[in-house]
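Participant: coords please:
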Amino acid sequence: MTKSGLTALIVDDEPQIRRFLRAGLELSGFLVREAEDAERGLKAATFHSPDIIILDLGLPDLDGSEVLKRIRTWSNVPVIILSITSDEDEKVRLLELGADDYMVKPFGMAELLARAHAALRRYVRGLNKDPIVRAGPLSIDLVTRNVSLNGTRISLTRKERHLLQLLGEHAGNVITHQHLLREIWGPNHTHSVQYLRVLVRKIRHKIEADPARPAILVTESGVGYRLVQKDDDVAEAPNKLITA
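Facilitator: Down below sits the predicted model:
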């Protein structure tokens, strides 16, 4: 299955639980990282910037609630707590500490995925962003990474999806060739512009009414590309240049 580009961090000391979670999350398109204790979990959360954290309370080296407290000192990343207890007071305490949701073991994967996507949508809205970016007939869900044209989901490769995600996050602004190349192919390919041109050409054949005269994914000559939203004028200078 095509990856969504979202990264989930599982912090749980039970290998069977991690395997169960990894299988379901990967099937749903997540990239998955694992940690078996609090120390490794905090390091992974710090260095890998996951999009969501699935955190068990019963860790061997530190209580999960303490891990949550530490994460909340520097990040608002969605955190779903896993626990063997259904105690109402405990749920309230953890939600007040900053947990986004609380699930009692055992649980079903379908429910966990639904709660994870709900938490991600709330997080995106909290950033004052509509999770759905629209550019003419094209819609990009910034949470699930699903892309639709005239209401019908279209099939994309991982790199095609990643490029549209990057453009959607900065819709209306130009993203430079170098930034796109670095994000999609890595820092050793920032001058491989032909890679980007080929990828853009393939995407245009999937989303443009006339790929030779693009109206959605437009070229800013010699600079980069821009996703044109409904009220944008393609001929206008971009509001902002994304180079970082």
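Participant: can you pull out the helices in this structure?
Facilitator: All helices of the chain, identified by DSSP state H, fall at 15-27, 38-48, 64-72, 88-97, 109-126, 158-169, 177-185, 193-207.
Participant: Residue 213 is in contact with residue 204, correct?
Facilitator: No. Residue 204 is beyond contact range of residue 213, at 9.8 Å (criterion: Cβ atoms under 8 Å). From N, CA and C alone the C-beta is placed, and that goes for glycine too.
Participant: and these two? which has more neighbours close in?
Facilitator: residue 204 (19 against 9; other Cβ atoms under 10 Å).
Participant: Find the nearest non-adjacent residue to the more buried one, please.
Facilitator: Spatial nearest neighbour of residue 204, chain neighbours left out: residue 211 (4.1 Å); criterion: Cβ to Cβ, 6 or more residues apart in numbering.
Participant: Same question for residue 86.
Facilitator: Computed as Cβ to Cβ, 6+ apart, the closest residue to residue 86 that is not its neighbour in sequence is residue 104, at 4.6 Å.
Participant: and that neighbour, how many residues sit next to it?
Facilitator: Count around residue 104 with other Cβ under 10 Å applied: 13.
Participant: What of residue 208?
Facilitator: Per other Cβ under 10 Å, the neighbour tally for residue 208 reads 19.
Participant: Use 413 as the first number for this chain going forward.
Facilitator: In the new numbering, first residue 413, that becomes residue 620.
Participant: thought it was touching residue 626?
Facilitator: Yes. Look at residue 620 against residue 626 with Cβ under 8 Å: they come within range, at 5.0 Å.
Participant: gap between stretch 608-619 and the chain center?
Facilitator: Chain-centre distance of stretch 608-619: 22 Å, with Cα atoms, centre = their mean, to the nearest Å.
Participant: Identify the bridge partners of residue 420.
Facilitator: residue 444, residue 464 (DSSP bridges).
Participant: burial measure for it, as a count.
Facilitator: Residue 420, neighbours per other Cβ under 10 Å, totals 24.
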